[in-house]
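Trainee: predicted coordinates and the sequence they were generated for:
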Amino acid sequence: MKFTDSVFKRVEPIWESYMKHPFIQGLGDGTLDEEKFKHWLKQDYVYLIEYARLFSIGAAKSTDLKMMTTYADLANGTLHTEMDLHRSYAKQFNISEEELEQTEPAQTTVAYTSYMLNLAQQGGIENVIAAILTCTWSYSYIGLKLAEIEGVKDHPLYGEWVNMYASEEFSTFKEDCIQLMDTVAEGKTEEELNRLEDIIVKTSYYEYMFWEMAENLETWPVPVK
Ligand SMILES: Cc1ncc(C[n+]2csc(CCO)c2C)c(N)n1
C-alpha cells in the first residue's frame with residue numbers, strides 16, 4: 001500500500017469532520033456569513049504568503065531537478081492562481097491589496113504556519129512535503145465534495161471558491177504533492193514514516209482549527225493599540 005493511502009485512512013475521520021463544520025456547510029448551502037468569509041480570506045492571504053515560502057524551501061532542499069521544478073511550480077501556482085482568487089474576492093469587498101497583505105495573523109494562523117515552517121527548516125525534503133501535503137490535499141477533498149452539491153457552483157459569491165478548489169488545476173497540485181510524498185517515503189524506516197504521519201495528522205488538526213478560527217472570527221484575546 002502507498003504511504004499516502006495508509007495516511008489517508010488515519011486522517012479520514014478528521015477530514016470528514018471538515019464537511020460537518022458550520023463554515024464548510026455554510027459554503028455548501030450558500031448561507032455562510034460574509035464577515036466570516038472575509039475573515040477567512042484575510043487570514044488565508046497571509047497564510048498563503050508563508051505557504052509559498054514553504055514551497056520555496058522545498059525547491060531549495062530538492063534532491064533533483066524534477067523535484068525542484070515541481071516545488072517551484074507550486075510556489076508560482078500559490079502566488080498567482082490561488083492568491084489571485086483571494087485578490088479578486090478582496091476587490092469585491094473593497095479590501096485593498098495592501099490591507100490584505102497587512103492582515104494581522106490570528107493565533108491559529110501563527111501557530112499553523114510556524115509549525116510548518118519550523119519542521120521545514122529543521123529537516124530534509126521529507127519534512128517539507130509532509131508539512132505541505134494536508135493543505136493541498138484537504139482543500140481538493142473539500143472542493144470536490146462541495147462540488148457534488150447541486151447548484152453550488154452557481155452561487156454568486158461562493159461558487160467561484162468551489163470552482164477553484166474543485167478544478168483540474170487544483171487536482172493536479174494535489175496529485176503532484178501526493179506523488180512527492182510517496183517518492184520521499186520510499187525506503188524510509190517505520191519509525192521515520194510514523195514521524196512523517198504524525199506531521200500529517202497534526203496539520204489535519206490545524207486545518208480544522210483554521211476553519212474554527214474563521215467561523216469564530218478569532219483574533220488575539222486582549223485587544224491592544
Ligand atoms: C488554511 C489553508 N489550507 C490549505 C489551503 C489550500 N492550499 C494552500 S497552497 C495550495 C496549493 C497551491 O496553491 C492549496 C490548495 C489554503 N488556501 N488555506
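Mentor: Perfect, thanks for sending it.

Trainee: give me the residue at the spatial middle of the chain.
Mentor: In the chain, the centroid-proximal residue (C-alpha atoms, centre = their mean) is C135; its distance is 2.9 Å.

Trainee: ok, now which ones touch that one?
Mentor: In this structure, C135 makes contact with 51, 203, 207, judged by C-beta atoms under 8 Å, 6 or more residues apart in numbering. In short, each C-beta sits where N, CA and C put it, glycine included.

Trainee: between those, which sits nearest the ligand?
Mentor: Nearest to the ligand out of these is Y51 (C-beta to the nearest ligand atom; 4.8 Å).

Trainee: surely the closest one touches T78?
Mentor: Yes: proximity of Y51 to T78 meets the contact threshold set by C-beta atoms under 8 Å, at 5.7 Å.

Trainee: higher neighbour count, the two?
Mentor: Taking neighbours as other C-beta atoms under 10 Å, Y51 and T78 compare with Y51 leading, 25 against 21.

Trainee: need the pLDDT of the more buried one.
Mentor: As predicted, Y51 sits at a pLDDT of 96.

Trainee: measure it to W220 for me?
Mentor: 21 Å (C-beta to C-beta, to the nearest Å).

Trainee: tally of neighbours for K91?
Mentor: Neighbours around K91, by other C-beta under 10 Å: 12.

Trainee: same question for the one 5 residues further on.
Mentor: S96 sits with 11 neighbouring residues when counted by other C-beta under 10 Å.

Trainee: so who does the residue nearest to it when sequence neighbours are not counted touch?
Mentor: In space, and not counting its chain neighbours, S96 is closest to A90: 7.4 Å by C-beta to C-beta, 6 or more residues apart in numbering. A90 sits next to 41-42, 45, 96-97, 99-100 when contact means C-beta under 8 Å, 6+ apart.

Trainee: the helix or strand harbouring S6: what's the following helix or strand?
Mentor: Element membership for S6 (DSSP states H and E) is helix 3-20. Of the helices and strands lying after helix 3-20 in sequence (DSSP H and E), the nearest is helix 22-29.

Trainee: list the buried residues in that next one.
Mentor: Neighbour-count burial for helix 22-29, counted by 16 or more other C-beta atoms under 10 Å, picks out 22-24, 26-28.

Trainee: so is it next to the ligand?
Mentor: No: applying C-beta under 6 Å from any ligand atom, one finds helix 22-29 separated from the ligand by no less than 11.4 Å.

Trainee: export that helix as PDB, just CAs?
Mentor: Extracted as PDB, the C-alpha positions of helix 22-29 are listed here (Å, rounded to 0.1, in the frame of the first residue of the first chain):
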ATOM      1  CA  PRO A  22     -20.500  25.100  10.100                       C
ATOM      2  CA  PHE A  23     -18.100  27.200   7.900                       C
ATOM      3  CA  ILE A  24     -18.000  24.500   5.200                       C
ATOM      4  CA  GLN A  25     -21.700  23.700   5.500                       C
ATOM      5  CA  GLY A  26     -22.300  27.400   5.000                       C
ATOM      6  CA  LEU A  27     -20.100  27.500   1.900                       C
ATOM      7  CA  GLY A  28     -22.000  24.500   0.600                       C
ATOM      8  CA  ASP A  29     -25.500  25.800   1.100                       C
END
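
Trainee: much appreciated, bye for now.
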